[in-house]
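**Student:** this one's structure only:
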């Protein structure tokens with residue numbers, strides 16, 4: 001595997017680790033309404049678990065309210081049950097056509113628990129990035145051993161991979177800080 005391929009693959013996998021973290025953050029409640037909060041809830045739809053965003057439109061009319069309007073009105077009760085069963089602590093009000101979900105304010109203890117949860121997600125993302133660095137360095141060493149990469153190229157590649165690792169970890173920390181501030185604001 002040539003020098004550029006190893007570097008580009010490492011960069012791509014590191015970006016994906018940060019992307020996964022951001023998607024997990026969307027499902028964490030901040031006290032403010034966001035469609036990302038419920039769009040990944042799995043709903044039983046014609047016998048198959050389906051993401052809510054695939055079977056309903058989700059709108060945010062104000063900071064404390066979500067409105068879910070199913071594309072198929074017969075799925076309304078299944079959506080209601082799925083949201084209630086989710087661990088989000090939300091209680092939808094069903095008017096027969098749409099679900100109105102009021103987002104209750106978070107207690108101080110719950111805010112601290114959520115910050116701990118996003119800290120764990122952040123650490124998982126960093127571990128994933130470090131594993132990519134390790135695997136890329138291993139691939140670079142294999143190329144050097146096979147004599148398809150010089151000692152200097154190997155050293156330079158490892159340096160670039162380390163820089164990419166530091167950059168993505170900095171981005172991950174910034175995303176964590178932003179989300180924790182969002183959770184802690186009243």
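**Tutor:** Yep, that arrived. The model shown is predicted, which means the values in this text are computed figures rather than measured ones.
**Student:** Can you give me the domain assignment for this protein?
**Tutor:** Domain segmentation of the chain under automatic domain parsing yields 3-26+107-184, 35-102.
**Student:** Can you pull out the low-pLDDT segments for this protein?
**Tutor:** Along the chain, segments meeting pLDDT under 70 span 1, 29, 31, 186.
**Student:** Check the gap between the residue nearest to the spatial centre of it and residue 72 for me.
**Tutor:** In the chain, the C-alpha nearest the mean C-alpha coordinate belongs to residue 23, at 2.0 Å (C-alpha atoms, centre = their mean). To residue 72, residue 23 is 26 Å away according to C-beta to C-beta, to the nearest Å. (Glycine included, C-beta is placed from N, CA and C.)
**Student:** Looking at the protein, which helix is longest?
**Tutor:** helix 108-145 (DSSP state H).
**Student:** Would you tell me what the next helix or strand after that one is?
**Tutor:** Beyond helix 108-145 on the C-terminal side, the first helix or strand identified by DSSP states H and E is helix 151-184.
**Student:** chain center to that following helix: distance?
**Tutor:** Offset of helix 151-184 from its chain centre (C-alpha atoms, centre = their mean, to the nearest Å): 17 Å.
**Student:** Quick check: closest non-adjacent residue to residue 36.
**Tutor:** residue 26 (3.2 Å; C-beta to C-beta, 6 or more residues apart in numbering).
**Student:** ok, the one you found - how many residues close by?
**Tutor:** Number of residues near residue 26 (other C-beta atoms under 10 Å) recorded here: 14.
**Student:** Burial check on the nearest residue to residue 104 once chain neighbours are set aside, number of neighbours?
**Tutor:** Of all residues not flanking residue 104 in the chain, residue 89 sits nearest, at 7.6 Å (C-beta to C-beta, 6+ apart). Other residues lying near residue 89 total 11 when counted by other C-beta under 10 Å.
**Student:** Same question for residue 71.
**Tutor:** Counted by other C-beta under 10 Å, the residues lying close to residue 71 total 9.
**Student:** what do you get for the one 5 residues further on?
**Tutor:** Residue 76 has 20 neighbours, counted by other C-beta under 10 Å.
**Student:** Check which helix or strand it maps to.
**Tutor:** helix 76-85.
**Student:** and what of residue 44?
**Tutor:** Using DSSP H and E, residue 44 falls within strand 42-45.
**Student:** Now do that strand: everything it contacts.
**Tutor:** 49, 50, 51, 52, 55, 75, 78, 79, 81, 82 (C-beta atoms under 8 Å, 6 or more residues apart in numbering).
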